[in-house]
Each structure stands twice: as structure tokens, then as C-alpha cells.
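> Just need the structure, nothing else, for what follows:
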Amino acid sequence: MEEIEGFVEAIVYSHPENGFSVLRLKEKGKKELTTLVGPLASVQPGESISCQGSWKFHPAHGRQFEVAEFTLKMPSDVVGIQKYLESGLIKGIGPVFAQRIVERFGAGTLDIIEQTPKRLLEIDGLGTKKLKAITTCWAEQKTVREVMIFLRAHGASPALAQKIFRHYGAESISRVKNHPYALAQHITGIGFRIADTIAQKLGLSLHSSPRIRAGIEFVLSELASEGHTCFPYLQLLPLAEKILEVPTLLLEREIESLIQDHTLVRHEELVWLSFLFTYEEEIAKELSRLSARSQAVRTIRIDKAIEWVSNLFKMEFAPQQQEAIEQTLFNKVHIITGGPGTGKSTITKAILAIYEKLTRSIVLAAPTGRAAKRMAQITRHPASTIHSLLEVDFVHGGFKKHRQDPLQADFIIVDEASMIDTFLFFSLLKATPDHAKLLLIGDVDQLPSVGPGSILGDLIASNKVQVSRLTEIFRQAKGSRIITNAHRINQGEIPSLQNDETSDFHFIHIEEPEAIHDAIIRLVSETIPQKWHYDRIDDVQVLSPMKKGIVGAENLNHKLQEVLNPSTQPLFRAGHRFHVRDKIMQIRNDYDKHVYNGDIGRIVNIDVIEQMVLLSFDGREVEYRFDELDTITLAYATSVHKYQGSECPCIVMPVHTTHFKLLQKNLLYTAVTRGRKLVYLVGSKKAVAIAVQNDHALKRHTGLCRALKQDALLPEAL
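Numbers count the residues shown, from 1 in each chain. Sure thing, here's the model as predicted:
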């Protein structure tokens, strides 16, 4: 292998998953920059790097150095030092102060910062406050670099070093050595596989009890991320055996031990992580409690109430609508489910109008910020997210509102109930007072929640909660092909794909994935904004069934960022390239910031000196440190699942047979119903037919239905 070294001038590209990067290297004595390619994640501009590898010739990009191994070191010459300080790696130093410091101290700059940092006060404009920030960050960087070197030697990406340091501090290396599997529990972004790689490098046995126990919990956690709250024991064993590569006998022994420790629960042939089992059992008990207690709102003549609200709205309710209103007035807990155009919004407003005459204590909520905002717009009544309603407890975890300090409400209405996962519903019920009525509104035919569980579907299937189903599409909605096609899809029929220039639903027939990709880019960047006058970023959302592939969300994001929001000053962090004004999505709940999985925002500012990024979520600005950016991703394109509960004026979606595994009826139905005014499907008719005919959505293994049916205090729904 050959070896070259220099300082990193710029980062051209970095893949978020595998860390493959393209960098520009300034070699000493050479005018032309050298192109480096290889697994170079987390390397930053200004860092000095020594690379081992070989020269290759790329037909499109020319001569490149393919890196097999590399080591980072402090720059030694003046140019490299200035570039290093300008990069933003040291908080408090930007281009202006970098130039001043290097001009004053030259090649000895880094020694000054390390050994006699007070001399930095000799720099004009650099005061004690900035000096403290610089010295603190320098000390952190030194420790982080040591952790980085240690982790790289043990098979982990250096990108995780800063996270580990933030959690463990100076004890980072000793904690990793002594408890490698604890990383998966304590550090966001580190799963079992990374922890296992480190543990194996440290010499832990494949058959060790800590490894197998951590591995079993990991498998169940991964299944929970796919929506399962529990899993069949006999199917769990081969999954764990494949991942851990240990005999079934050892797995059975450790599962039994985890059951004895109350980490797992086994009931009949199903296995739960114990907290998920508890949530489902408690949901059944809480629904029993609510059903058994009397309501605070006085009893009224239902027929008179409906007559009054009909006169108020100057309309006669259809039989299904009237039945839904009656059942809501009569029952303590009720569900209204139906597709688009069936009148859910009208019914909600009618029910709200009646109850506003009976009590002032009415609470409206939804699982996401956008859904809550839309609910408030429709009802003209304040609405919040369920998280905000329950008030996150930052000290003890969980929520401040619970059985001992319940919500102040006589009537709670929750919209987009199909999105509520097991933990959130458990938390909501715990905080619902005995006397309150609860109404859940949602579309059970949409995709279930991102988190574990299938709450709305299980509640309906259990026959323990009264349900009103709305199936009739009303006249004003029948003129929308989005709505009529959504219902055709839901009924297993091929949607109308005939194109009409004035229609709100369009199908562009293209067979080749490359051509689909190019057509989507043209639609978003040119056709839709020119023809329909929609903003290319805010008013158009690309949804893809898959993450990978040429028409997957990841590749479309990269190209759409390049076309819609180019930048000559990108920030490379967490394997992503970020630009000011980028459309981004939060991918994990962050209770401290009040930002939740699926929330969409924009990048307002990138401050490389203070190492902060300012993001705006529906007008609310939130600061992120650079090392927190692994919780956001680009959102020009995203998955259908992640976009649940949100709507956009225009939806664009590729449909192709390469997405075969995910072409399902409820996925296509959910995607189409996300479009408020316009939907474009781009792809093959065969793919549309596959999706419509595939009613076998991935079955979620849950225990809620069983828990509800076994609760003797919960009566059968009529």
C-alpha cells in the first residue's frame, strides 16, 4: 500500500449509512488537490490525515486515492493549523480569530493553546469569556481524540466518540472497557452491533452471558422498532441464533434467566420486553377504570342535542354521522373511524359545539405538532400534541401528568389516533381523570404507529370499545380524485389512472427507475411550482416506500438538496451534508427540545464557531449542537411511515416493482391521503396493481387485544 498525507481542504460527499466519503486533500508541495475516497466518516476540514491505500482511475472523476486505513494527527504547518482552527472544531474560533492567532503565534499556535492558553489574550478582541470556551473545548477535543483512537482500534466509528464522551466524560475509555454492552443502553445511536464489535475486539467471549442477554434484548428492541410489542417464542429463537451465532440451548437458558429477572415476560407462546407487557396490561385496566366511573358532564337529551346542532350548522347529518354523534354523547369512551371525505371533521366540530354548552373543560390533542395544528384550524379550538398535554418530566423521565396529577378535563378528543403508539396511549390513559370522557378519532386503514403497537386497530378488534364507522363519501368530496382513488385503493380496486390536466390526482407512467428518478426531480423543481404555483420545498413532499435504491428516499434527498437548495458552504456531520434552508426531519423523540419523531423543520443558521445549528419547527426555533445532528435527517423525501399525521399541498411518490416488499395497500392508501390538494404517482401500473392487491400488511404481534379481552371488568361493546 502507498501512503500520502496532508490536511483536509474540503468534504465533497459523505454517505450517512456506511461512512463512504469523498474528500479533497492538500498535500505539502502540491498545487492540485488530491481526491480521497473511502470510509472517512467524521473526518473534518482542517484535520491533518495520513492515509494508506492505492491510486485508482475513475472514468468520470479521474485519478483518486482509495483509502484503506488512515490516522488523524494535529497539523504542523501554518496553513494546516489555520485551516484546522477555521473549521469550527474548536468552539469559539472562527476564520477571523484563526487568522489572528496564526499570524501571532505561527507554527507554535497549537503548543500555545495546549500549554500556555492565557497567551491567547494577546489577540485583539479575544477576552476571558472566549478564552474559557476555547480552553474547555480544546480539553474536550483532546479527550475525544483519545476516545476516538481507542474506539477505532476496537472497530467502531470515531463519529461516536463525542457522544460517548458527553455521556461518560473522562471515564469514557474505562467504562467502555468494563461494560461495552451498556453502550447500547446508554448512548443514542449505538446499538447492540456496534457494542458487540467493541466487546469482541476487547476479547469478550461469544458465549458470555452478558453478550447473550444483551443480544436477546436487542432482538426484541429491533422487533419493537418494527411495531411488535411481543413476539412468538419459537420465532424469536432462530432470529436471535442467527444474530448471536450461539446454540439454541444457551439462548433458552438466558431467556429463562431474563424472565426470572423480570426483564422479559413470557405468556403462553409470546415473549415481551417487560415494560411493553406492563403498558398493554395497564391500558386494559385504565380503560376499565374509565368505563366504570361516572362522567362529570351532565346527562342531556341526545335527540334534542342533535336537533340543536343541526340547526346551528344548517345541515342534516347523514345516518352514519348522526349515529357517531349519538354514540359519542352516550359512551364514556368512543372511537370514530373513517377515511377521507367521510365527514370526520364535520362530526368533530358538531360534537365540540354540543360539549362547549356543557363544560369549559375540553381538551383537544393529536400525536404530532402538524396534526394538532390542523385540528386547531378545523375546530377553531386550541389543540396541542399529546406530549405537550402530558408535560414531559425532564428530571424523572416520563410525564408530569399521571394518576396522582391528572389532566384537568371533562372531555378529551384525540385526532389521528392511528398514530398513537403503546407508550403514548398508556401515558394518556394514566393522566385521564375518572370523570372524563375520551373520544378517539382516526383512520384505522392507515399505516399503524411508528412506535410499537397497533392501538386503534387492537381497540376496535377487541370489541371492548364502542366504534362508529364512517364509510359514505359526501358530495363535496366526490369531486376529488384524491379521495375517490384513496377509497378505491382501500377497497382493493385499481385507482383511476387516466390523466386529466385539471384533476388533483395524476399518474405518470414510467418503467425504468432512473427515468422515474429524473421525472420526480423535474416535477418537484420545475413542473409543479410552474404549473400549480406551489413552493418547491414547503408545499411539495416526496414520499418513497423505501430508503435505499435509485428512487429510495436517501438518494432522492441527496439529489433534491443539490437541485433545490445548493450550497458552497455545507456542514458535514453524522454522515449528512447540511445546508442553511434545508428541509429536515427529526427522527427520534427529544423531550428536552420538545421535538418529536417525524417533526419537519428547516435549518435557519449554521454557526461553525459556536458549533450550533438553529432549526425552525413550525416557527419555533431550536438549537442543536453539532454532535446532536444524528437525530435529524434531510426531508425533501421521506418514508410514508415517517410522514403519518402530516399533510402537504402536494405529494409526489415513486411506485415501482423494485419496492416489491413494501408495496402494500395500506401504505399506498396512507401516502395518497397525505396529499391535501395534489397527488402525483410516478412509476408503473404493475406496481400500483401489486400494492392495491397486497392486503397482507406486515402483521404486528401485539398483546393489547388479549389484555382487553381478558379484563373481566371491561364490558363487550354493543
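> Pull the distance from stretch 114-129 to the chain's centre.
Put simply, stretch 114-129 sits 42 Å off its chain's centre (C-alpha atoms, centre = their mean, to the nearest Å).
> gap between the two ends of it?
17 Å (C-alpha to C-alpha, to the nearest Å).
> List the contacts of it.
Residues lying outside stretch 114-129 but in contact with it, judged by C-beta atoms under 8 Å, 6 or more residues apart in numbering, are Phe97, Arg100, Ile101, Arg104, Phe105, Ile112, Ile113, Leu131, Ile134, Thr135, Trp138. All C-beta atoms are positioned from the backbone trio N, CA, C, and that covers glycine.
> could you redo the last one with a cut-off of 10 Å?
Under the contact criterion C-beta atoms under 10 Å, 6 or more residues apart in numbering, stretch 114-129 has outside partners 74, 92-93, 96-97, 100-101, 103-105, 108-109, 112-113, 130-132, 134-135, 138-139, 142.
> Spatially central, which residue of the chain would that be?
Closest to where the C-alpha atoms of the chain average out (C-alpha atoms, centre = their mean) is Ile587, at 2.4 Å.
> Was I right to think that residue contacts Glu628?
No: with contact defined as C-beta atoms under 10 Å, Ile587 does not reach Glu628; the gap is 11.8 Å.
> Give me the below-cutoff pLDDT ranges for this structure.
When residues are selected by pLDDT under 70, those of the chain lie in 16-19, 41-42, 88, 148-149, 151-162, 475-478, 574-575, 697, 712-713, 718.
> any idea how far Phe313 lies from Thr109?
Applying C-beta to C-beta, to the nearest Å, one obtains 74 Å for the distance of Phe313 from Thr109.
> now swap in Leu470 and tell me
When distances are taken as C-beta to C-beta, Leu470 and Thr109 turn out to be 70 Å apart.
> go on, Ile386?
Shown here: Ile386 relative to Thr109, a distance of 52 Å by C-beta to C-beta.
> between those two, who's got more neighbours?
Taking other C-beta atoms under 10 Å, Ile386 and Thr109 do not tie; Ile386 has more neighbours (24 against 21).
> Backbone dihedrals for the closest residue to that one other than its chain neighbours, both of them.
With C-beta to C-beta, 6 or more residues apart in numbering as the measure, Ala365 is the residue that lies nearest to Ile386, at 4.9 Å, once sequence neighbours are left out. In terms of degrees, to the nearest 10, the main-chain angles of Ala365 are phi -150, psi 160.
> Enumerate every residue touching Ala365.
Applying C-beta under 10 Å, 6+ apart as the definition, the contact partners of Ala365 turn out to be 371-372, 375, 382-390, 407, 409, 412-416, 420, 428.
> at 8 Å instead, please
Ala365 sits next to Ala372, Met375, Ala383, Ser384, Thr385, Ile386, Leu389, Ile412, Ile413, Val414, Asp415, Leu428 when contact means C-beta under 8 Å, 6+ apart.
> What is the neighbour count of Leu234?
A total of 9 residues lie near Leu234 under the criterion other C-beta under 10 Å.
> Just confirm it is within a helix.
Yes: secondary structure assignment places Leu234 in a helix (DSSP: H, G, I helix; E, B strand; the rest coil).
> Name the nearest residue to it, sequence neighbours excluded.
Spatial nearest neighbour of Leu234, excluding adjacent residues (C-beta to C-beta, 6+ apart): Glu269 at 6.7 Å.
> again, but for Phe20
Taking C-beta to C-beta, 6+ apart as the measure, Phe20 lies nearest to Pro39, with 6.1 Å between them; neighbours along the chain are not counted.
> Could the C-alpha coordinates of stretch 690-700 be exported in CSV?
As requested, the backbone C-alpha atoms of stretch 690-700 are provided in CSV (Å, rounded to 0.1, in the frame of the first residue of the first chain):
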residue,chain,number,x,y,z
ILE,A,690,-49.3,-5.1,-6.7
ALA,A,691,-49.8,-2.5,-3.9
VAL,A,692,-53.6,-2.5,-4.2
GLN,A,693,-53.9,-6.2,-4.3
ASN,A,694,-51.5,-6.8,-1.4
ASP,A,695,-53.7,-6.6,1.6
HIS,A,696,-51.2,-8.7,3.7
ALA,A,697,-49.6,-5.8,5.6
LEU,A,698,-46.8,-6.9,7.8
LYS,A,699,-48.6,-8.4,10.8
ARG,A,700,-47.7,-6.8,14.1
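> thinking again about what came up before, most widely separated two among the contacts of Ala365?
Largest separation among those by C-beta to C-beta: Met375 and Leu428, giving 15.3 Å.
> And stretch 419-438, how far out from the chain middle?
22 Å.
> Repeat that for stretch 423-439.
Average the C-alpha atoms of stretch 423-439, do the same for its chain, and the two points are 25 Å apart (C-alpha atoms, centre = their mean).
> do stretch 224-232 as well
Computed by C-alpha atoms, centre = their mean, the separation of stretch 224-232 from the middle of its chain amounts to 18 Å.
> ends of that stretch, how far apart?
The straight-line separation of the ends of stretch 224-232 (C-alpha to C-alpha) is 13 Å.
> which residues make contact with it from outside it?
Contact partners of stretch 224-232, identified using C-beta under 8 Å, 6+ apart, comprise 220, 223, 269-273, 276-277, 279-280, 422, 448-449, 451-454, 698, 700-704.
> Now with 7 Å, please.
Stretch 224-232 has contacts (C-beta atoms under 7 Å, 6 or more residues apart in numbering) with 220, 223, 269-273, 276, 280, 422, 448, 452-454, 700-703.
> Report the buried residues of the helix or strand in which Glu3 is found.
Following DSSP states H and E, one finds Glu3 within strand 2-14. Residues of strand 2-14 classed as buried by neighbour count (16 or more other C-beta atoms under 10 Å): Ile4, Gly6, Phe7, Val8, Glu9, Ala10, Ile11, Ser14.
> Need phi/psi at Pro382.
The phi and psi torsions at Pro382 (degrees, to the nearest 10) take the values phi -60, psi 140.
> Which residue, other than its chain neighbours, is closest to Pro654?
When the adjacent residues along the chain are set aside, Pro654 lies closest to Val551, with 4.1 Å between them (C-beta to C-beta, 6+ apart).
> show me the contacts for the one you found.
For Val551, the contacting residues are Pro513, Ile516, His517, Ser544, Pro654, His656, by C-beta under 7 Å, 6+ apart.
> give me that answer again for 6 Å
Pro513, Ile516, His517, Pro654 (C-beta atoms under 6 Å, 6 or more residues apart in numbering).
> What of Asp421?
Ser449, Gly451, Pro452, Gly453.
> Spatially, which residue comes closest to it, not counting chain neighbours?
In space, not counting the residues next to it along the chain, Asp421 is nearest to Gly451; the distance is 2.9 Å by C-beta to C-beta, 6+ apart.
> From Leu239, how far off is the one you found?
The gap separating Gly451 from Leu239 is 20 Å, by C-beta to C-beta.
> likewise Pro95?
Distance, Pro95 to Leu239, using C-beta to C-beta: 52 Å.
> In three-state terms, how would Arg266 be classified?
Local secondary structure at Arg266 is given as strand here, using three-state DSSP.
> OK, contacts around it?
Taking C-beta under 6 Å, 6+ apart as the definition of contact, the neighbours of Arg266 are Ile259.
> What is the burial count for Val265?
Neighbours of Val265 using other C-beta under 10 Å come to 19.
> surely it meets Phe275?
No: here Val265 lies out of contact with Phe275, judged by C-beta atoms under 6 Å, at a distance of 9.4 Å.
> Pairing partners for the strand holding Glu3, with directions?
strand 20-27 (antiparallel), strand 48-58 (antiparallel) (DSSP bridges).
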